[in-house]
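Participant: Model the following, please.
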Amino acid sequence: MIDLDERNHQPAESGTITSDRLMARRKMTLRLVAAFVVGVVLGGFGVSELRDSRDQRERNALVALVALPQSADFGGSSAQGSVQLSGQLMLINAGPAPITVRRVQAERPDVVVRSTGQPRLLPPGGTGQLLVELRFECSIAFQPEPLSLRLSVETDDKQVREVTYPVALVGSDWERDAQSMCEAHA
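Facilitator: Prediction:
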């Protein structure tokens with residue numbers, strides 16, 4: 001005889017097997033969720049470290065420099081319509097990392113500028129002077145446009161970069177000293 005009202009057709013032992021399987025699935029799901037969470041945390045930390053490292057490299061590669069003509073009264077000479085002076089260029093590191101200014105040069109018809117001193121290390125926010133040699137052509141009037149200085153700069157990441165900076169000569173010590181020497185030898 002078959003009892004149709006009977007709901008559990010499984011043997012009594014099969015209930016423990018089903019609950020064991022259910023428990024194993026829950027543990028597996030919990031392990032997978034835990035592995036996923038650990039992966040997300042580690043991945044987020046790794047991405048954050050990479051971003052910080054990239055930002056630091058970008059800061060170390062940044063060159064923010066101000067250059068101002070200073071005195072040009074360290075001696076000079078005149079010959080064949082030109083005046084040669086020794087002077088100083090004031091440098092200010094406005095960037096976030098130390099830089100070394102290795103070389104400065106500029107050239108246009110009325111003036112030539114070349115650095116003669118040793119490279120100058122400038123800490124962030126620091127200032128320093130670089131010795132320069134100046135040659136002015138007395139027969140050519142000073143041009144009102146700023147002189148475009150080319151500076152060779154080594155950044156904190158040991159890369160050498162070429163940057164330009166406009167320097168106004170009109171009204172500067174360099175212009176005044178050069179004009180007085182040109183007038184004296186005219």
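Participant: Give me the pLDDT for the most centrally placed residue in the chain.
Facilitator: For the chain, the residue sitting closest to the mean C-alpha position, by Cα atoms, centre = their mean, is residue 62 at 1.3 Å. What the model reports as pLDDT for residue 62 is 74.
Participant: Residue 182: what's it in contact with?
Facilitator: The contact partners of residue 182, by Cβ atoms under 8 Å, 6 or more residues apart in numbering, come to 78, 83, 136, 138. All C-beta atoms are positioned from the backbone trio N, CA, C, and that covers glycine.
Participant: closest to residue 101 among these?
Facilitator: Closest to residue 101 out of the contacts of residue 182 is residue 136 (22.7 Å), distances taken as Cβ to Cβ.
Participant: Grab the nearest non-local neighbour of that closest one.
Facilitator: Here the nearest residue to residue 136 in space, its sequence neighbours aside, is residue 178; by Cβ to Cβ, 6 or more residues apart in numbering that works out to 4.0 Å.
Participant: what's the domain layout of the chain?
Facilitator: 11-61, 65-184 (automatic domain parsing).
Participant: Which one of those domains has the poorest average confidence?
Facilitator: Of all the domains of the chain, mean pLDDT reaches its minimum on domain 11-61 (a mean of 74).
Participant: In which helix or strand does residue 166 reside?
Facilitator: In this structure, residue 166 is located in strand 160-167 according to DSSP states H and E.
Participant: Report the next helix or strand after that strand in sequence order.
Facilitator: Using DSSP H and E, the next helix or strand after strand 160-167 towards the C-terminus is helix 173-184.
Participant: got the buried residues for that next one?
Facilitator: 173, 174, 175, 177, 178, 181, 182 (16 or more other Cβ atoms under 10 Å).
Participant: residue contacts, the first one?
Facilitator: Under the criterion of Cβ under 8 Å, 6+ apart, the contact partners of residue 173 comprise 69, 70, 71, 72, 73, 87.
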